[in-house]
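Chemist: Got a sequence here, can you model it:
(one chain, ligands or ions: 1)
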Amino acid sequence: MKKVILFGAPGSGKGTQANDLRLLWGVPSISLGDLLRAEVKNSSPLGLQAKGYMDKGQLVPDALLGSILEPYITAEGFIIDGYPRTLGQAENLHAIFQRKNIVLDAMIYFEIDEPAIVNRLSRRRVCKACGAIYHLENMPPKTSGICDVCAGELIQRSDDTADVIKKRWLVFQEQAQPIVEFYRAQKKLLTVDGRCDKSLVFESIKKHLG
Ligand code: AMP
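Modeler: Here you go, the predicted structure:
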């Protein structure tokens, strides 16, 4: 069963690929951002504290995240989207793998530049009900404002605004290099060109990981 991490800046295409790879491999995909947004929606203690960081495009501190991801890390396989985002998180995750005797197949790094993510995120729309992702020009829904999959309402995420996109890009840039090196040293790094069309990225991952 496939066990992979999807790593890249916000808007690099991780969420879109997570959905397609989940269907290809038949393993669950877990987005830390989605888990946190669900906590915010439920006004849980974690959600109430995380919201302030998320609205500003900052990372939620590790002390708040605790072991939120751990139950999803199983020998049945997984696609993790949005974790790790710091070297400390990469080390925490590695410790979980060791404790559970799990061998990671790959860390897939979606390389992209700032103009491309500004374009993607400012025109991104997501389904409020099922989380499906659209782009107003490149991947528009069949009917404006309505999800093709479940007919739910399409919304713009509150952190997909110009200022917060810039902040999220800077946060990513600050943290990325040591994380990439961490997985390169373990020979787990697979780099894909996140600027390419989603079908090309999908084919490239399939070619390397089957
Ligand atoms: P995403 O949906 O992956 O773009 O994440 C949205 C927001 O959730 C981020 O801007 C952070 O505030 C928070 N978040 C997601 N993943 C993490 C993480 N691994 N560590 C800390 N905060 C995170």
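Chemist: what about the lengthiest helix in the chain, near the ligand?
Modeler: If you go by DSSP state H, the chain has its longest helix at helix 162-185. Yes: for helix 162-185 and the ligand, the contact criterion (Cβ under 6 Å from any ligand atom) is met by Arg168. For glycine as for every other residue, the C-beta is placed from the backbone atoms N, C-alpha and C.
Chemist: and that helix, what's its mean pLDDT?
Modeler: The pLDDT scores in helix 162-185 average 96.
Chemist: What of stretch 64-84?
Modeler: Stretch 64-84 comes out at a mean pLDDT of 95.
Chemist: what's the spacing between that stretch and its chain's center?
Modeler: In terms of Cα atoms, centre = their mean, to the nearest Å, the centre of stretch 64-84 is found 12 Å from the chain centre.
Chemist: Residues touching it, excluding its own?
Modeler: Residues from elsewhere that reach stretch 64-84, judged by Cβ atoms under 8 Å, 6 or more residues apart in numbering: 1-7, 14-15, 18, 21-22, 25-33, 35, 46, 49-50, 89-90, 92-93, 96-97, 100-102, 179.
Chemist: Among those residues, name the buried ones.
Modeler: 2-7, 14-15, 18, 21-22, 25, 27, 29-33, 35, 46, 50, 89-90, 92-93, 179 (16 or more other Cβ atoms under 10 Å).
Chemist: Please list the residues of the protein that sit near the ligand.
Modeler: Residues of the chain lying near the ligand by Cβ under 6 Å from any ligand atom: 10, 32-33, 36, 53-54, 57-60, 82-83, 85, 89, 159, 168.
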